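Trainee: Below are the sequence and a predicted model for it; my questions follow.
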Amino acid sequence: MNDIIVAIATPPGEGAIGIVRLSGEGCIELVNTMFAGPSKSGLAESKPRRALFGKFTAPDGELVDEVVLTTYRNPASYTGEDAVEISCHGSPYILSRVTQLCIDAGAKMAQPGEFSQRAFLNGKLDLSQAEAVADLIASQSAAAHRIALGQLRGGVSNEIKDLRTQLINFASLIELELDFGEEDVEFADRDDLRHLVEKIRTKIDALVTSFRLGNAIKMGVTTVIAGRPNAGKSTLLNALLNEERAIVSHIPGTTRDTIEETVNVGGVTFRLVDTAGIREATDTIEAIGVERAIERVATSHILVYVFDVVETDPATLTADLDKLHREGLELIVVGNKMDLNPYTMYEQYFGEDYGGKFSVPRGRFIPMIARDKSNLGYLQETLLATATGGVGGLDQGQVILSNARHYDVLNRADQALARVQGGMGAGVSQDFVAMDIRQALRELGEITGEITTDDLLGNIFSNFCIGK
């Protein structure tokens with residue numbers, strides 16, 4: 001924390017502008033030794049957050065580049081320390097030369113995430129917000145961006161802090177009771193504590209439940225297109241991508257291996273996987289393709305099952321779907337080639353006689369002519385609604401959990417609170433109730449960083465990019 005750190009903050013490669021960032025006490029004075037600006041005093045008396053144009057030179061007088069410098073004085077900076085950003089031309093040589101000159105002058109190369117780690121340690125961000133910075137940089141869709149931005153602005157932190165504050169108030173009363181154990185007094189109303197624990201567990205459950213959606217949006221929603229040979233799977237993939245990505249043929253078994261592409265629908269990234277037709281394979285290569293198709297269905301979020309409305313009877317469709325059923329797998333059924341059998345109805349396949357393992361609401365059955373892209377818009381709306389829980393995407397004020405660490409910690413906190421409930425119901429000693437409350441508080445504190453370890457911080461910030 002006493003070192004001056006430096007790193008290139010812009011992506012590798014050529015560009016119009018590149019930025020070298022420094023942070024730490026003395027960084028402004030360090031850069032001032034190599035900067036010649038409009039003022040004789042250089043950066044020493046410059047006003048913070050004001051851009052200054054000048055020349056960046058080596059100690060021997062070599063001109064490296066004409067640059068624009070922006071200085072920040074603690075605590076009004078991202079890291080909470082004095083900081084400098086050097087904007088120069090985006091040549092890899094210039095950026096590396098400027099960085100090396102700063103290192104030669106006494107700075108050290110920043111480790112991945114070290115700027116954000118200093119922001120956390122200096123109280124500019126809590127741990128949840130710091131993690132959101134990495135998620136924001138990595139966001140690939142509007143939905144992922146919205147979730148990360150909400151977390152950066154304190155969405156998850158505020159929820160957790162509110163839960164923790166309420167629990168601390170009761171924990172302090174329980175601890176006070178322990179101090180007066182011999183006098184058999186009761187400061188914490190047990191009914192109020194039961195209600196509070198139940199309320200907190202309800203909020204935790206809502207956050208934990210949202211993780212499946214948040215993680216899918218963050219990582220991309222894996223969507224497998226499956227079905228029997230010649231059902232129109234590859235045609236549907238091409239329609240969704242709006243390009244001829246997969247080979248389409250009337251010959252059954254054309255697709256032997258998985259084909260994977262991404263498409264953005266309503267701000268959500270879908271990882272589409274076209275698979276081999278599922279049937280009894282006729283050769284070894286096709287058998288491998290069918291096996292891979294089944295494996296991909298087992299790890300997907302959404303299954304789009306395509307069937308030929310002419311060739312497939314209700315019993316066959318039900319049997320095929322039952323083979324692919326998995327708890328938690330979302331299903332959309334596409335009845336393809338409707339031009340050849342336009343009187344196909346939802347009730348024929350999923351009416352009163354349907355006894356399959358999947359629940360198939362009417363809105364999840366999409367009649368289509370994939371070749372002509374008919375009803376493609378409805379399929380896209382259904383994909384978006386299935387992934388986000390409703391057509392139109394995420395609510396603006398919705399708090400969504402997308403971080404696997406938070407998910408794990410909340411589950412542990414919920415287990416501790418469940419023990420609190422069980423202990424009070426069984427009339428166990430208040431010492432054990434207090435111990436479980438302390439454990440729940442510790443778990444909740446790990447999310448925001450109120451309780452943390454060096455190993456935890458190292459693991460989190462090592463996954464950041466250098467320069468952030």
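Mentor: Yep, it's here.
Trainee: Point out where the stretch 51-200 of the chain drops to low pLDDT.
Mentor: By pLDDT under 70, the low-scoring segments of the stretch 51-200 of the chain are 173-190.
Trainee: where do the helices sit along it?
Mentor: 92-104, 114-121, 127-138, 142-152, 155-179, 190-219 (DSSP state H, counting those that start in this stretch).
Trainee: Can you tell me which of these is nearest to residue 49?
Mentor: helix 114-121 (16.5 Å; CB to CB). All C-beta atoms are positioned from the backbone trio N, CA, C, and that covers glycine.
Trainee: now that closest one against helix 127-138, angle please.
Mentor: Using axes from the mean of the first three to the mean of the last three CA atoms, to 10 degrees, one finds that helix 114-121 and helix 127-138 are set 150 degrees apart in direction.
Trainee: Determine the set of other helices and strands touching helix 114-121.
Mentor: strand 5-8, strand 15-23, helix 127-138, helix 454-461 (3 or more CB pairs under 8 Å, 6 or more residues apart in numbering; DSSP states H and E).
Trainee: Name the surrounding residues that touch that helix.
Mentor: 1, 5, 7, 21, 23, 78-81, 125-127, 130, 133-134, 449, 457, 461, 464, 467-468 (CB atoms under 8 Å, 6 or more residues apart in numbering).
Trainee: Just put the helices of the stretch 51-200 of the chain in CSV and tack on distance to residue 309 and mean neighbour count.
Mentor: Shown next, in CSV, are those (distance: least, CB to CB, whole Å; neighbours: other CB atoms under 10 Å):
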stretch, distance to residue 309, mean neighbour count
helix 92-104, 57, 17
helix 114-121, 54, 23
helix 127-138, 41, 21
helix 142-152, 33, 21
helix 155-179, 45, 17
helix 190-219, 30, 17
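Trainee: closest one to residue 306 among these?
Mentor: It is, among the helices of the stretch 51-200 of the chain and with distance given as CB to CB, helix 190-219, at 21.4 Å.
Trainee: wait, what's in contact with residue 100?
Mentor: Residue 100 neighbours (CB under 8 Å, 6+ apart): none.
Trainee: quick one, domains of the chain?
Mentor: The chain breaks down into these domains under automatic domain parsing: 5-110, 133-214+403-461, 220-388.
Trainee: Save the helices and strands packed on helix 114-121 as CSV, and put in distance to residue 223 too.
Mentor: Converted to CSV, the helices and strands packed on helix 114-121 look like this (distance: least, CB to CB, whole Å):
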stretch, distance to residue 223
strand 5-8, 37
strand 15-23, 34
helix 127-138, 20
helix 454-461, 30
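Trainee: Dump the helices of the stretch 51-200 of the chain into CSV; add distance to residue 302 as well.
Mentor: Below are those laid out as CSV (distance: least, CB to CB, whole Å):
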stretch, distance to residue 302
helix 92-104, 41
helix 114-121, 33
helix 127-138, 22
helix 142-152, 15
helix 155-179, 25
helix 190-219, 9
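Trainee: So which residues of the stretch 251-400 of the chain form strands?
Mentor: Secondary structure of the stretch 251-400 of the chain (DSSP state E, counting those that start in this stretch): strands at 259-265, 268-274, 302-308, 330-336, 365-367.
Trainee: nearest to residue 85, of the helices and strands packed on helix 114-121?
Mentor: Among the helices and strands packed on helix 114-121, the nearest to residue 85 by CB to CB is strand 15-23 (5.3 Å).
Trainee: Enumerate the positions of the closest one that are buried.
Mentor: 18-23 (16 or more other CB atoms under 10 Å).
Trainee: just stretch 449-458 next, same as before
Mentor: 449, 457.
Trainee: and for it, what are the contacting residues?
Mentor: 117, 120, 126-128, 130, 164, 442, 445-446.
Trainee: got those as JSON lines, with distance to residue 265 columns?
Mentor: Formatted as JSON lines, the contacts of stretch 449-458 follow (distance: CB to CB, whole Å):
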{"residue": "117", "distance to residue 265": "36"}
{"residue": "120", "distance to residue 265": "35"}
{"residue": "126", "distance to residue 265": "33"}
{"residue": "127", "distance to residue 265": "33"}
{"residue": "128", "distance to residue 265": "28"}
{"residue": "130", "distance to residue 265": "30"}
{"residue": "164", "distance to residue 265": "37"}
{"residue": "442", "distance to residue 265": "41"}
{"residue": "445", "distance to residue 265": "38"}
{"residue": "446", "distance to residue 265": "35"}
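Trainee: Pull the most distant pair out of these.
Mentor: Maximum pairwise distance among these (CB to CB): 22.5 Å, between 117 and 164.
Trainee: related to what we said a few turns ago, among the helices and strands packed on helix 114-121, which is nearest residue 425?
Mentor: Closest approach to residue 425 among the helices and strands packed on helix 114-121 (CB to CB): helix 127-138, 32.2 Å.
Trainee: Contacts for the closest one next, please.
Mentor: 113, 116-117, 119-120, 125, 144-145, 147-149, 151-154, 156-157, 160, 218, 402-403, 405-406, 446-449, 452, 460-461, 463-465, 468.
Trainee: ok, now with 7 Å
Mentor: With CB atoms under 7 Å, 6 or more residues apart in numbering as the test, helix 127-138 has contacts from 116, 119-120, 145, 148-149, 151-152, 154, 156-157, 218, 402-403, 447-449, 452, 460, 463-465, 468.
Trainee: How about stretch 195-210?
Mentor: Stretch 195-210 is contacted by residues 159, 163, 166-167, 170, 399-401, 407, 410-411, 413-414, 417, 420-421 when judged by CB under 7 Å, 6+ apart.
Trainee: Residue 424 contacts residue 170, doesn't it?
Mentor: No: under the criterion of CB atoms under 7 Å, residue 424 makes no contact with residue 170, lying 11.4 Å away.
Trainee: Identify each buried residue in stretch 69-77, please.
Mentor: 69-72, 77.
Trainee: Taking the residues you listed together, which two end up most distant?
Mentor: 69 and 77 (13.9 Å).
Trainee: Residue 450 and residue 128, how far apart?
Mentor: Residue 450 sits 10 Å away from residue 128, taking CB to CB, to the nearest Å as the criterion.
Trainee: returning to what we had before: dump the strands of the stretch 251-400 of the chain to CSV, plus mean neighbour count, mean pLDDT and distance to residue 350.
Mentor: Shown next, in CSV, are these (neighbours: other CB atoms under 10 Å; pLDDT from 0 to 100; distance: least, CB to CB, whole Å):
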stretch, mean neighbour count, mean pLDDT, distance to residue 350
strand 259-265, 16, 84, 24
strand 268-274, 23, 86, 24
strand 302-308, 24, 93, 12
strand 330-336, 23, 93, 8
strand 365-367, 20, 95, 6
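Trainee: could you redo those as TSV and give each row distance to residue 47?
Mentor: TSV is the format used below for the strands of the stretch 251-400 of the chain (distance: least, CB to CB, whole Å):
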stretch	distance to residue 47
strand 259-265	43
strand 268-274	43
strand 302-308	54
strand 330-336	55
strand 365-367	61
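Trainee: Ok, which of those strands comes nearest residue 85?
Mentor: Nearest of the strands of the stretch 251-400 of the chain (CB to CB): strand 268-274, 31.0 Å.
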